[in-house]
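Student: Quick one, fold the following:
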Amino acid sequence: MFPRLVALHGTVPLGFAGTAARQRLVFVSPSGRVVPVPEPAGGAWPGQSLRFEIPDEDVTLDATVPESWSEGDRVTATLASGAVVELIAPAGTSAGAELEFLLPLSELVAELDGAPLRIEELPPPPPPPPPPQPTTIVMPPYPQPDSEALTRAVANAMAAAAEVAAGNNDALHRAIRELGDRVDGIGSRVDGLSGEAPERSGHASRVLQALIHPPML
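Tutor: You can find the predicted model right below:
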């Protein structure tokens, strides 16, 4: 079952700058309940009276037993609105004692209506999300030629050239073939990264083959 709602009016205090300044208005009931008070669409200004609703609740009040009180008499408490509340003092009550009693909030509208509202600071807004990060594309490493094997092939070709000078042409042919294989291997490794690689390596192979088998004039 939903609690009964009590309609009240509150006064906007000085210093209220509105929700745009991260502030809101609240009403604090006698029991400590904090009730937000909506700001009108056109805004609110100090001194303005705003209507709001709060769930009904029991409010604890106190009264002082007067010195003229005698056992068996009723204790009366006069509220700020002028309303008079009669209390039955429990056994053992003496003059000057403090008595507590409960009243529903709906009976205290005249006491609370027009009370100043309270300004409550709102938390700062959350920070904006970070900007999207650029996409990083990792390229595979450029293939490195087998420099040691190529160096050996060149050295062998040079050694074979020395043998040719001594009349041994077969050694030169073998060295040139080996050097041509190494150059062709380098071209095949970069195939796909550069469309010119196969053509260049094939050209190198044809040049070497021409050295091995020179055209007949």
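Student: Please enumerate the strands of the chain.
Tutor: Shown for the chain, the strands assigned by DSSP state E span residues 5-11, 23-28, 34-37, 49-55, 58-64, 74-78, 84-88, 98-104, 115-116, 118-121.
Student: list the helices and strands the shortest one packs on?
Tutor: Strand 115-116 is packed against strand 5-11, with contacts defined by 3 or more CB pairs under 8 Å, 6 or more residues apart in numbering; DSSP states H and E. For glycine as for every other residue, the C-beta is placed from the backbone atoms N, C-alpha and C.
Student: residues in contact with the strand it packs on?
Tutor: By CB atoms under 8 Å, 6 or more residues apart in numbering, the residues outside strand 5-11 that reach it are 25, 27, 37, 47-56, 105-106, 109, 112-117.
Student: Could you rerun that using 7 Å?
Tutor: 27, 37, 47, 49-56, 105-106, 109, 112-117 (CB atoms under 7 Å, 6 or more residues apart in numbering).
Student: Give me the buried entries from these.
Tutor: In terms of neighbour count (16 or more other CB atoms under 10 Å), the buried residues within the contacts of strand 5-11 are Phe27, Val37, Leu50, Phe52, Ile54, Leu105, Leu112, Asp113, Leu117.
Student: Greatest separation within these: which pair is it?
Tutor: Leu50 and Leu105 (17.8 Å; CB to CB).
Student: ok, back up a step: switch the strands of the chain over to CSV; also include mean pLDDT and distance to Pro140.
Tutor: Output for those, formatted as CSV (pLDDT from 0 to 100; distance: least, CB to CB, whole Å):
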stretch, mean pLDDT, distance to Pro140
strand 5-11, 91, 71
strand 23-28, 92, 59
strand 34-37, 90, 61
strand 49-55, 91, 68
strand 58-64, 86, 77
strand 74-78, 83, 90
strand 84-88, 84, 89
strand 98-104, 87, 80
strand 115-116, 86, 73
strand 118-121, 92, 57
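Student: can you give me the helices in this structure?
Tutor: Counting by DSSP state H, the chain has helices at residues 109-112, 147-165, 169-189, 197-212.
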